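**Student:** Here you go, sequence then predicted model.
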Amino acid sequence: MAYCRHCGAQMESVATICPECGRRQMTTPAVDDSGSFGWTVLGCCVPIAGLILWLVWKDSKPNCAKAAGMGALIYLGFYVLMLLVGGCSAML
């Protein structure tokens, strides 16, 4: 059960209008947390953006944060691999 934000009357938790005072209740908009592949691509192309998005969204949008952070980690892994391959070829 929920309570009206205006008069305090008890009402159903899914109700949008209070049955006692008739005032509309504030509802929070749905957050898009699809974690789409686009965030992974962004994190991979601009790893600092992926890291920042992960830090900002890790609590409010965990799926999108994971995708952006994963892209940044993929870039970092690729970068380290290229450094190792480049370093080994320079030794030859």
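**Tutor:** Perfect, I can see it now. Numbers count the residues shown, from 1 in each chain.
**Student:** what residue lies at the spatial centre of this protein?
**Tutor:** Centre of the chain computed as the mean C-alpha position; nearest residue by Cα atoms, centre = their mean is residue 61, 2.8 Å away.
**Student:** List the residues that contact that one.
**Tutor:** Neighbouring residues of residue 61 by Cβ atoms under 8 Å, 6 or more residues apart in numbering: 31, 32, 33. The way it works is simple: take the backbone N, C-alpha and C, and place the C-beta from them, glycine included.
**Student:** just checking, the first one touches residue 60?
**Tutor:** Going back to what we said before, that points to residue 31. Yes - counting by Cβ atoms under 8 Å, residue 31 touches residue 60, with 6.8 Å between them.
**Student:** which residue ranges form the helices in this protein?
**Tutor:** Counting by DSSP state H, one finds helices in the chain at the ranges 37-45, 47-57, 62-91.
**Student:** Format those helices as TSV; extra columns: mean neighbour count and distance to residue 8.
**Tutor:** Listed next are the helices of the chain as TSV, based on neighbours: other Cβ atoms under 10 Å; distance: least, Cβ to Cβ, whole Å:
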stretch	mean neighbour count	distance to residue 8
helix 37-45	18	42
helix 47-57	18	35
helix 62-91	15	34
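**Student:** tell me the contacts of the closest residue to residue 76 other than its chain neighbours?
**Tutor:** Excluding its sequence neighbours, the residue lying closest to residue 76 (Cβ to Cβ, 6 or more residues apart in numbering) is residue 47, at 6.5 Å. Residue 47 makes contact with 71, 72, 75, 76, according to Cβ under 8 Å, 6+ apart.
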